[in-house]
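> got a predicted structure here, sequence first:
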Amino acid sequence: MRDILETLDGWCATGTRFAVASVVATWSSSPKQPGAAMAVSESGEVAGSVSGGCVEAAVYELARQALEAGEAVTQTFGVADDDAFAAGLTCGGTLEIFVRPVAEGQFAPWSALAAAVREGRAAAMATVLSGASAGACLLVQEDGTVTGSLGERDLDAQALLRMRPLSPSGLLGESCPGGGWAASADDANGHGHGPGSADGGGATYSRVMSADSAEIGDLPATGFLDKGVTRERLPDGTRLFLESFTEPPRLLIFGAIDHAGALARLGTFLGYRVTVCDARPVFATPARFPDAHEVVVDWPHRWLSGTRVDGRTVICVLTHDPKFDIPLLEVALHTDAGYIGAMGSRRTHEDRLRRLREAGVDERALARLRSPIGLDLGGRTPEETAVSIAAEIIALREGGTGRSLTETLAPIHALRASASLIAQRL
């Protein structure tokens, strides 16, 4: 959804009606996760994607029909359906798509959501999936501002109750316990569910699901979700779809070298808020790093000590100079960062470990350090090195093996025990 909000805001500003199609559930090997969205304007313009191309044409027609009828519609595409084959869903998975038309008078929540995301403010949106109010949405922001309505005061109250306690900011969170970083690709196992499966748990626990809809256990309802998406069935049978939007994760790059410029470009492309930090003002300039959101001139360890770091934060140390590296890594290895990597040769790495041990860093902390940084792709240029680093970050975060898919037998969109979790209380 996040990637189409500016387009939606533009349509709202010009009074253009549109329909938003969202993936609200997936089963087996699905190309997109719940929360993925595609929008179609009344003039036929398209933004976003719900399947990476598999069912886009069919969803486009659904959106056009919803706009014409002015009513929300739900459609399931799967390998057991003739329509799904016709639509081109050949990946073997199943998608449940919910399409909601948005007309004049309903623009306010969407414009408010776009503004909140643009300004880095947390927000959460609830949408009714069933009943007479299907398609109605309500937005709550981190300061408590509420925009829109689900059609009934009681529905609004129940939705706000479910969105409020689920993150540090008081909204549905986007990060998993421990930062949402998977330990390995072998964490996944379980038994799949089909469309319409239900859990009998009440409001106390959420059944945690993945793209494969394999159960991996119950999390407390106050637990965090890395994608910020959950479905709920209220006591009266009404189904809600809740989506959260918090600030992007941070990528902190230390060392104003050419590799930092390439990594900043790639980090921004991947959705991180990028900071480049170096103590040398002649090198740490916005002109040299136009793709970074922030360029800081300060001693790296001093600046890191005073900045916020959480489980989604990525720290990349590219200086490979002991006078910068050692004090910086002493600080970094005692933060909650989900990834800490350091550039340098294997000889540099061994010397770095020796110095850190002498500084009192214990073995458990040292085990968190990814060094030499990156996956073995054989690249040499700054751009190739940046791809190697980004690949390791993604693999660690999602529990990937880093191996070629032609050499593996597991599902491409395999279940990760602590990443890509979708909670469903249905």
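Arrived safely, thanks for sending.

> which stretches of the stretch 301-426 of the chain form helices?
Counting by DSSP state H, counting those that start in this stretch, the stretch 301-426 of the chain has helices at residues 322-332, 346-358, 363-366, 382-398.

> check what pLDDT residue 246 gets.
For residue 246, the pLDDT comes out at 84.

> if you could redo that for residue 147, that was the one I meant.
93.

> what's the neighbour count on it?
18 (other C-beta atoms under 10 Å). For the C-beta atoms, the positions are set from N, CA and C on the backbone; glycine is no exception.

> hang on, it packs against residue 137?
No: the criterion here is C-beta atoms under 8 Å, and residue 147 misses it with residue 137 at 9.1 Å.

> now for the two: what residues contact both?
Common contacts of residue 147 and residue 137 (C-beta atoms under 8 Å, 6 or more residues apart in numbering): residue 109.

> for the closest residue to residue 228 other than its chain neighbours, which three-state class applies?
Setting aside the residues directly before and after it, residue 228 is nearest to residue 244 in space (C-beta to C-beta, 6 or more residues apart in numbering), at 3.1 Å. Under DSSP: H, G, I helix; E, B strand; the rest coil, residue 244 falls in the strand class.

> residue 244 and residue 1: what is the separation?
Distance of residue 244 to residue 1, computed by C-beta to C-beta, to the nearest Å: 10 Å.

> between those two, point out the one with more neighbours.
Per other C-beta under 10 Å, whichever of residue 244 and residue 1 has more neighbours is residue 244, with 24 against 21.

> is that one bridged to anything, and to what?
residue 124 (DSSP bridges).

> isn't residue 244 right up against residue 121?
No: Residue 244 is beyond contact range of residue 121, at 11.9 Å (criterion: C-beta under 8 Å).

> so where's the stretch 151-300 of the chain uncertain?
164-227 (pLDDT under 70).

> what about the strands in it?
Assignment of strands within the stretch 151-300 of the chain using DSSP state E, counting those that start in this stretch yields the ranges 205-209, 218-220, 229-233, 239-245, 250-254, 273-278, 294-297.

> for residue 154, which of these is the nearest?
strand 239-245 (12.5 Å; C-beta to C-beta).

> what's that closest one packed up against?
strand 18-27, helix 108-118, strand 123-128, helix 153-163, strand 229-233 (3 or more C-beta pairs under 8 Å, 6 or more residues apart in numbering; DSSP states H and E).

> so which bits of the second one are buried?
So that's helix 108-118. By 16 or more other C-beta atoms under 10 Å, the buried positions in helix 108-118 come out as 109-114, 116-117.

> quick one, what contacts the residue lying closest to residue 374 once chain neighbours are set aside?
Once flanking residues are discounted, residue 374 sits nearest to residue 388: 3.5 Å by C-beta to C-beta, 6+ apart. By C-beta under 8 Å, 6+ apart, residue 388 lies in contact with 373-377, 379.

> of the residues you listed, grab the buried ones for PyMOL.
The buried residues among these can be selected in PyMOL (16+ other C-beta under 10 Å) with this line:
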select buried, resi 373+374+375
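
> between the contacts of residue 388, which is closest to residue 329?
Nearest to residue 329 among the contacts of residue 388, with distances taken as C-beta to C-beta, is residue 373, at 11.9 Å.

> counting neighbours, what do you get for the closest residue to that closest one other than its chain neighbours?
Excluding its sequence neighbours, the residue lying closest to residue 373 (C-beta to C-beta, 6+ apart) is residue 341, at 3.7 Å. Counted with other C-beta under 10 Å, residues neighbouring residue 341 total 22.

> my read is that residue 341 contacts residue 390, right?
No: using C-beta under 8 Å, residue 341 is not in contact with residue 390, being 10.6 Å away.

> is it true that residue 264 touches residue 292?
Yes: assessed by C-beta under 8 Å, residue 264 is found in contact with residue 292 at 4.5 Å.

> residue 33 reaches residue 24, doesn't it?
No: Residue 33 lies out of contact with residue 24 (C-beta under 8 Å); the separation is 10.7 Å.

> between these two, which one's more packed in?
In this view residue 33 and residue 24 are compared by other C-beta under 10 Å, and residue 24 has more residues nearby, 22 against 16.

> how far away is that one from residue 409?
From residue 24 to residue 409 the distance is 30 Å (C-beta to C-beta).

> try residue 339
Distance from residue 339 to residue 409, by C-beta to C-beta: 27 Å.
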